[in-house]
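K.L.:
prediction below, plus the sequence it came from.
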Amino acid sequence: LRLTLIEKALESLSTLGLNNAHAPTTNPFEYQALAVDGSHIDVDRHMPVRCALINLSRIVLRYGETPFAVLDSHPDLYANPEELYIRNPDGEEKLPLQGPLLSLVRTVQEASHLAQIAEDNSTDLPTLALIDGSLILWGPELSTYPKYIRKHLLEDGILDALARIQTLATEHPIALAAYISLPRSTTVLNSLPISQQLKDEVGEITDRDLFERVLKKGERSDIFDSNSSLVKEYYGDQSIHFYYLNTGDEIARVEVPSWIAKDQDMLTLSHSLILDQCQKGFGYPVAIMEAHEQAVIGGSDRELFRKMVEDSLTKHQLPVYTSQKERSKR
């Protein structure tokens, strides 16, 4: 039944002319790939002080006659009262920087950090600027936050970062993209006339199921518009589009801003360079893989961070305490 419904969906896709496949162009011999990833340590009530940490990686991989690489990360500590809250500039309101809000702030900082990396490494070489995940600031809590928080995260945050890269792209060949591995999106599927039938009878069919039957290795689909209400309400000129790519190992979803989607040369460049990155990374973009390795905070790192906090308190002759629950764990 599942295969039958997928075949019906493919027929509908073909009828609407949405089953086009685009082959990659020849990959440039010289190019650079930029990527960033992040991880964080949240505020922990069992710690002796309220603090948080965000660790952002920086990856620059340059290929060609003069290969070059930067692989590092930079941790930022949030411990002062003014750092641990986002405040309303027009009032007395404030929200603590922890939990889901800290995760959203980290996502915003990843985009801002990528913009900074692109500015610091601007060149006439073809450049791929990659984010792991989505360009859309997802989060069920986002709509519940006050207006000043949404402005901080969106207008002053991720949208500002995208605009900075767009400005740089007017002078240099930069293709900005977000890579989503094993996507579970149903945006294209939901646009088909038989989508309700598919949803009612088989709830596990995704866009990926369709395009793995449409795209050959290396090919990408047409460009589609995001149907996210968040994008429609806030993103404006930075509206998000996407295509599906058969990397040879998986069907990935690649998101790009509108100014990439409308530029055939940059769209083609994103396609060929992401495909090359996946080949170099044995099925996954090597720049994102390295960004994750640099950004990840492991269990031993977290324990070291706790010890550093306690040692700092001891050094300044301040009390070091924790909860009985945490003490029993130790």
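P.N.:
Perfect, I can see it now. Being a predicted model, the structure only gives us computed values, none of them experimental.
K.L.:
in what helix or strand does Ser39 lie?
P.N.:
strand 38-41 (DSSP states H and E).
K.L.:
ok, now Gly139?
P.N.:
Gly139 belongs to no helix or strand, assigned by DSSP H and E.
K.L.:
show the pLDDT at the residue lying closest to it once chain neighbours are set aside.
P.N.:
Once flanking residues are discounted, Gly139 sits nearest to Leu104: 5.5 Å by CB to CB, 6 or more residues apart in numbering. Heads up, the C-betas are built off the backbone N, CA and C, glycines and all. Looking at Leu104, its pLDDT stands at 95.
K.L.:
need phi/psi at Asp225.
P.N.:
Backbone torsions for Asp225, taken as degrees, to the nearest 10, come to phi -90, psi 140.
K.L.:
okay, now the spatially closest residue to it that is not a sequence neighbour: neighbour count?
P.N.:
Excluding the flanking residues, the one nearest Asp225 by CB to CB, 6+ apart is His241, at 5.7 Å. Using other CB atoms under 10 Å, His241 has 21 neighbouring residues.
K.L.:
Glu293 now?
P.N.:
Applying other CB under 10 Å, I find that Glu293 has 13 neighbouring residues.
K.L.:
quick one on the thing from earlier: report the contact partners of the residue nearest to Gly139.
P.N.:
Counting by CB atoms under 8 Å, 6 or more residues apart in numbering, Leu104 touches 137, 139, 141-142, 153.
K.L.:
quick one: list the elements packing against the one helix or strand Thr167 maps to.
P.N.:
Taking DSSP H and E as the criterion, Thr167 maps to helix 159-169. Using 3 or more CB pairs under 8 Å, 6 or more residues apart in numbering; DSSP states H and E, the elements in contact with helix 159-169 are helix 100-120, strand 174-180.
K.L.:
quick one: the longest one to helix 159-169, angle?
P.N.:
Orientation of helix 100-120 against helix 159-169 (axes from the mean of the first three to the mean of the last three CA atoms, to 10 degrees) gives an angle of 10 degrees.
K.L.:
flag every buried residue along helix 100-120.
P.N.:
For helix 100-120, burial by neighbour count (16 or more other CB atoms under 10 Å) applies to 101-118.
K.L.:
that helix vs strand 174-180, what angle?
P.N.:
Using the same axes, to 10 degrees, helix 100-120 lies at 150 degrees relative to strand 174-180.
K.L.:
what are the buried residues along the next helix or strand after helix 100-120?
P.N.:
Sequence order places strand 127-132 as the next helix or strand after helix 100-120, per DSSP H and E. By 16+ other CB under 10 Å, the buried positions in strand 127-132 come out as 127-132.
K.L.:
what is the helix or strand hosting Arg306 packed up against?
P.N.:
In this assignment (DSSP H and E), Arg306 forms part of helix 299-315. Helix 299-315 sits against no helix or strand, with contacts defined as 3+ CB pairs under 8 Å, 6+ apart.
K.L.:
the closest residue to Glu119 other than its chain neighbours: how many residues sit nearby?
P.N.:
Nearest non-adjacent residue to Glu119, counting by CB to CB, 6+ apart: Leu168, 6.1 Å away. Per other CB under 10 Å, the neighbour tally for Leu168 reads 17.
K.L.:
what pLDDT does Leu168 get?
P.N.:
97.
K.L.:
hmm, it is touching Gln116, no?
P.N.:
No - under the criterion of CB atoms under 8 Å, Leu168 makes no contact with Gln116, lying 10.6 Å away.
K.L.:
which outside residues touch the host helix or strand of His241?
P.N.:
Using DSSP H and E, His241 sits in strand 240-246. Residues from elsewhere that reach strand 240-246, judged by CB under 8 Å, 6+ apart: 135-136, 183, 185, 187, 207-208, 211-212, 215-226, 228, 231, 251-258, 260-261, 271, 274-275.
K.L.:
buried subset of these as a PyMOL selection?
P.N.:
Listed next is the PyMOL selection for buried residues among those, using 16+ other CB under 10 Å:
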select buried, resi 135+136+183+185+187+207+208+211+215+218+219+220+221+223+224+226+228+231+251+252+253+254+255+256+257+258+260+261+271+274+275
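K.L.:
the contacts of strand 240-246 in strands, which ones?
P.N.:
Residues of the contacts of strand 240-246 located in strands (DSSP state E): 224-225, 251-257.
K.L.:
can I get those residues in TSV with distance to His74 and pLDDT?
P.N.:
Shown next, in TSV, are these (distance: CB to CB, whole Å; pLDDT from 0 to 100):
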residue	distance to His74	pLDDT
Phe224	35	97
Asp225	35	96
Ile251	34	97
Ala252	28	98
Arg253	29	98
Val254	27	98
Glu255	25	98
Val256	27	98
Pro257	25	98
